[in-house]
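>>> Show me the folded form of this:
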Amino acid sequence: MHITVPVFLATTAAVSAANDLRVHSSSTRTAFVPPAAKDLPQINPHPRILATDADVAILKATIANDPVAAAYYADLEAYGQYVLSTWPLSRHNVNVTWQDRWGRITAAALLFRLTGNATWAEVGINETLAVEILYDWGGPIYLQVAGLTYATALGYDWLHVAMNTSARARVRDMIIKQGINWQQYTKYRGDFGGFTNRNIVANTGYLMGALALWEENTTLAQALWDNTTDAMQNGLSMYDGGGWAEGFVYWGYATEHALTAALSIRAAFGSDFGFAQVRGLEASGDFVVRMFSNATQRNYAYADSGPTNNEYADILMWHHRAFPTTTHRPYVARNMLAAVYTPSSQSQGGFNASKTHAGRYPTYGLLFWNASGTEADLLKALPPTAVYPNISVVFARTNFSSSADPAAAASLLSFKGGGTYWSHNHRDLGSFAFESRGIRWALDLGLESYAVGGADNPANYRITTLGHNTLAFNGMNQPMGQQWCIDPSRRTEDGCQAGTGAVQSYNETEAGGVFAVLNLDYANGDAHDAKAPTPPVSSWRRGIATFGQERMAGFVVVDEFNVTSAFKNATWSMHTHATVGTATGSRATLGQDGLSLGLRVLEQPQLPGGTQFVVSEVSFPPPLLADPGVRRVGLEYTTAGSIPQTQRLVVAVSDDPDASAPLPRPLAEWAAQGPFSTPSSDL
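Numbering: from 1, shown residues only. Got it, this is the predicted structure:
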């Protein structure tokens with residue numbers, strides 16, 4: 001069977017475990033409650049946005065003593081020369097994107113601060129003034145306005161000492177009229193107050209403008225301080241518990257701006273007034289660490305993230321500057337950066353300005369570079385398993401080793417519930433990803449191109465329920481929950497249950513294993529809502545439990561669901577790059593790089609079908625993002641005549657296709673008795 005993914009152009013718990021590092025809760029966190037602007041201490045002189053002169057002195061010493069930092073600096077100089085050489089072409093070019101202009105300003109300004117060379121100051125000032133030609137900073141959302149406000153504020157602040165009076169006045173005028181004026185604030189107020197990454201991005205852009213112009217426009221700057229620091233509370237609440245609902249990429253985008261705000265407030269006033277203690281912001285760094293495999297350099301790519309898209313790896317380095325008490329995060333940040341960027345001194349062909357993020361990593365990756373931390377620090381720092389109840393994501397692994405040797409490589413299992421109402425989320429409740437012996441066997445396909453609507457287009461295969469490693473009923477997508485349900489104060493309103501899945505129970509087994517059960521009753525609709533269509537199931541629990549002696553040899557996936565009169569069919573799916581050697585009866589054997597993985601149905605539901613695994617080739621024609629060699633291994637069940645209401649499906653996934661797998665208990669017994677009647681160390 002072959003699935004050619006159609007191209008649809010878009011038109012527009014309770015948790016039973018100890019409260020330690022494994023269970024992340026914000027119950028001990030405090031909200032960011034800054035003083036009113038009138039009560040702030042006197043602001044420090046420029047430069048005071050993001051990096052102080054002391055930070056730059058640390059960076060100079062790092063470049064002098066660390067060969068990797070020196071290689072990044074060489075690329076920063078090469079990128080600066082590229083900016084200088086293309087200045088005559090770019091200065092009046094309205095097609096230079098706002099992201100490129102931001103990168104050009106930051107690179108030139110950083111070179112000036114590192115060298116004192118007046119040429120770089122001139123380049124940075126000219127690039128900052130060139131933003132004037134973008135007569136309309138606006139867009140459908142505030143991201144472009146915020147980005148240009150941030151960029152020009154940074155240019156004004158970092159290059160303030162080199163700007164003449166006329167240049168300063170022109171930049172201030174731009175920031176006020178095109179960036180932080182109240183007309184823009186009204187136009188984009190949804191981004192300022194929402195529960196998305198855009199809240200943090202938008203408010204940080206305004207805040208940077210305020211900090212840049214504090215002395216010259218005190219009344220406006222103080223009003224902006226009071227409004228943005230208050231509005232930012234909703235966005236910052238998304239860190240609650242340490243997880244991030246929008247996935248790795250948008251964690252990076254939001255956290256880049258959250259840390260910019262925290263570090264800039266600290267630089268401007270000598271204190272961040274509790275920003276660094278806000279609602280799980282520090283814990284979110286370890287959430288990102290858990291999403292990354294040091295062996296395969298792949299992410300758990302749920303929501304709009306890519307499996308190898310470590311675009312914001314540099315922000316984990318920034319995270320360490322804000323929270324310097326541990327050294328394992330810089331170690332992982334360097335691994336992430338190595339997966340996406342190779343300094344030109346270590347690659348053939350020299351510096352290539354046309355490469356993706358050619359300017360970003362030599363600038364942002366270098367700015368807070370830190371060479372501390374080793375794999376040993378990481379192995380000691382974090383427990384191998386964790387649950388994040390705020391977004392209902394569970395991580396289990398044998399260790400954090402970077403070894404790709406099949407005999408030593410870590411096994412990783414990720415499992416998620418959550419809510420489909422979060423921005424950038426997919427219809428993926430109940431999905432899992434699995435890696436063992438240096439191979440990512442069960443894939444999350446990640447984000448789809450925004451040219452075809454990305455997550456906003458539910459017809460995109462990567463977004464659909466069938467496109468994830470979960471159970472789909474009637475071939476339908478899980479419903480998109482109501483957006484307002486993101487607001488905790490409104491989650492009891494009608495419609496706020498649909499499209500949700502919470503961790504119902506979680507605990508560790510012997511030998512570092514883990515089990516978790518998701519309550520997915522509302523993942524396919526609300527059977528108790530008389531105004532809504534009858535969903536195909538009235539209740540659904542999905543449990544995952546690992547097994548194996550000393551290492552994670554495999555896991556079982558248990559689905560228990562009650563069908564309704566609307567039930568027509570059910571499809572169990574797992575996506576993989578492996579080839580399927582055999583698919584006979586209740587077993588399938590997958591192969592990749594000379595290794596095998598076994599799938600076996602341990603218990604069939606009382607439904608027609610499912611007599612053998614069905615293998616489908618999945619292809620993504622342009623303009624969809626390419627991912628050659630994807631296969632969906634599935635089980636398909638239908639209905640005919642009278643069928644029992646209560647159904648149970650159990651599938652085992654094992655490193656050894658010929659090994660027996662334990663039959664788990666009913667999910668309701670797991671919390672009290674564990675998933676298996678035989679201790680897992682004996683399996």
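
>>> contact partners of stretch 525-543?
430, 470-471, 473-474, 476, 479, 494-495, 497-498, 504, 515-521, 523-524, 556-568, 570, 664, 667, 670, 675 (C-beta atoms under 8 Å, 6 or more residues apart in numbering). For the C-beta atoms, the positions are set from N, CA and C on the backbone; glycine is no exception.

>>> Please state the offset of that stretch from the chain centre?
29 Å (C-alpha atoms, centre = their mean, to the nearest Å).

>>> same question, stretch 42-53
Distance of stretch 42-53 from its chain centroid, counting by C-alpha atoms, centre = their mean, is 30 Å.

>>> One more: stretch 612-628?
Between the centre of stretch 612-628 and the centre of its chain there are 23 Å (C-alpha atoms, centre = their mean).

>>> before we move on, what about stretch 149-157?
With C-alpha atoms, centre = their mean, you get 27 Å for stretch 149-157.

>>> Repeat that for stretch 282-302.
Computed by C-alpha atoms, centre = their mean, the chain-centroid distance of stretch 282-302 equals 9 Å.

>>> same deal with stretch 639-650?
With C-alpha atoms, centre = their mean, you get 37 Å for stretch 639-650.

>>> buried stuff in that stretch?
Under the neighbour-count criterion of 16 or more other C-beta atoms under 10 Å, stretch 639-650 has 639, 643, 647, 648, 649, 650 buried.

>>> Pull the contacting residues for the residue lying closest to the third one once chain neighbours are set aside.
For residue 647, ignoring the flanking residues on the chain, the nearest one in space by C-beta to C-beta, 6 or more residues apart in numbering is residue 605 at 4.0 Å. Residue 605 makes contacts with 570, 637, 647, 648, 649, as judged by C-beta under 8 Å, 6+ apart.

>>> Can you classify residue 580 by secondary structure?
Following DSSP: H, G, I helix; E, B strand; the rest coil, we place residue 580 in the strand state.

>>> what pairs with it across the strands?
Assessed by DSSP bridges, residue 580 has beta-bridge partners residue 590.

>>> any idea of the pLDDT on it?
With respect to pLDDT, residue 580 scores 94.

>>> give me every residue that touches it.
Residues in contact with residue 580, defined by C-beta under 8 Å, 6+ apart, are 588, 589, 590, 591, 613, 615, 631, 633.

>>> Repeat that for residue 340.
308, 309, 310, 311, 313, 357, 361.

>>> quick one: it and residue 82, what's the gap?
Computed as C-beta to C-beta, to the nearest Å, the residue 340 to residue 82 distance reads 19 Å.

>>> what's the answer for residue 301, then?
32 Å.

>>> Likewise for residue 616?
Counting by C-beta to C-beta, the gap from residue 616 to residue 82 is 46 Å.

>>> Need the contacts of residue 605 in CSV (columns: distance to residue 411, secondary structure and pLDDT).
Output for those, formatted as CSV (distance: C-beta to C-beta, whole Å; DSSP: H, G, I helix; E, B strand; the rest coil; pLDDT from 0 to 100):
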residue, distance to residue 411, secondary structure, pLDDT
570, 28, strand, 97
637, 29, strand, 97
647, 29, strand, 97
648, 26, strand, 98
649, 23, strand, 98
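
>>> now, among those residues, which is nearest to residue 218?
Among those, residue 570 lies closest to residue 218 (C-beta to C-beta), at 63.4 Å.

>>> How many residues are close by the closest one?
Residues within reach of residue 570, counting by other C-beta atoms under 10 Å, total 27.

>>> who does it bridge with?
Listed beta-bridge partners, residue 570: residue 473, residue 637 (assigned using DSSP bridges).

>>> which residues touch it?
The contact partners of residue 570, by C-beta under 8 Å, 6+ apart, come to 471, 472, 473, 536, 561, 605, 607, 636, 637, 649.

>>> so which helix or strand takes in the most centrally placed residue in the chain?
In the chain, the C-alpha nearest the mean C-alpha coordinate belongs to residue 248, at 1.4 Å (C-alpha atoms, centre = their mean). Element membership for residue 248 (DSSP states H and E) is helix 247-269.

>>> likewise residue 122?
Using DSSP H and E, residue 122 falls in helix 118-129.

>>> name the helices or strands packed onto that helix?
helix 67-85, helix 87-90, helix 98-115, helix 143-158, helix 165-174 (3 or more C-beta pairs under 8 Å, 6 or more residues apart in numbering; DSSP states H and E).

>>> Mind giving me the PyMOL command for buried ones among the contacts of residue 580?
Only the buried entries of those go into this PyMOL selection, using 16+ other C-beta under 10 Å:
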select buried, resi 588+589+590+613+615+631+633
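
>>> and the two most separated of the contacts of residue 580?
591 and 613 (14.1 Å).

>>> residue contacts, the spatially closest residue to residue 646 that is not a sequence neighbour?
Distances taken as C-beta to C-beta, 6+ apart put residue 562 closest to residue 646, at 5.5 Å, once the chain neighbours are dropped. Going by C-beta under 8 Å, 6+ apart, residue 562 touches 537, 538, 539, 540, 645, 646, 647.

>>> Listing partners with orientation, what would you give for the strand or helix carrying residue 562?
Assessed by DSSP H and E, residue 562 sits inside strand 554-563. Sheet pairing of strand 554-563 (DSSP bridges) gives strand 537-547 (antiparallel), strand 646-654 (antiparallel).

>>> Tell me which of the ones you listed sits most buried.
strand 537-547 (a mean of 25; mean count of other C-beta atoms under 10 Å).

>>> related to what we said a few turns ago, greatest separation within the contacts of residue 570: which pair is it?
Maximum distance among these (C-beta to C-beta): 15.3 Å, for 561 and 636.

>>> more crowded one of these two?
Remark: of residue 561 and residue 636, residue 561 carries more neighbours, 25 against 19, as counted by other C-beta under 10 Å.

>>> The more buried one contacts residue 644, doesn't it?
No: under the criterion of C-beta atoms under 8 Å, residue 561 makes no contact with residue 644, lying 11.1 Å away.

>>> isn't there a helix covering residue 317?
Yes: assignment of residue 317 by three-state DSSP places it within a helix.

>>> Pull the contacting residues for it.
Here residue 317 is in contact with 329, 330, 333, 334, 337, 365, 368, 369, 370 (criterion: C-beta under 8 Å, 6+ apart).

>>> any idea which of those is closest to residue 413?
Using C-beta to C-beta, the contacts of residue 317 come closest to residue 413 at residue 329, 22.2 Å.

>>> pLDDT of the helix or strand containing the closest one, averaged?
Taking DSSP H and E as the definition, residue 329 sits inside helix 328-340. Per-region confidence: helix 328-340 scores 93 on mean pLDDT.
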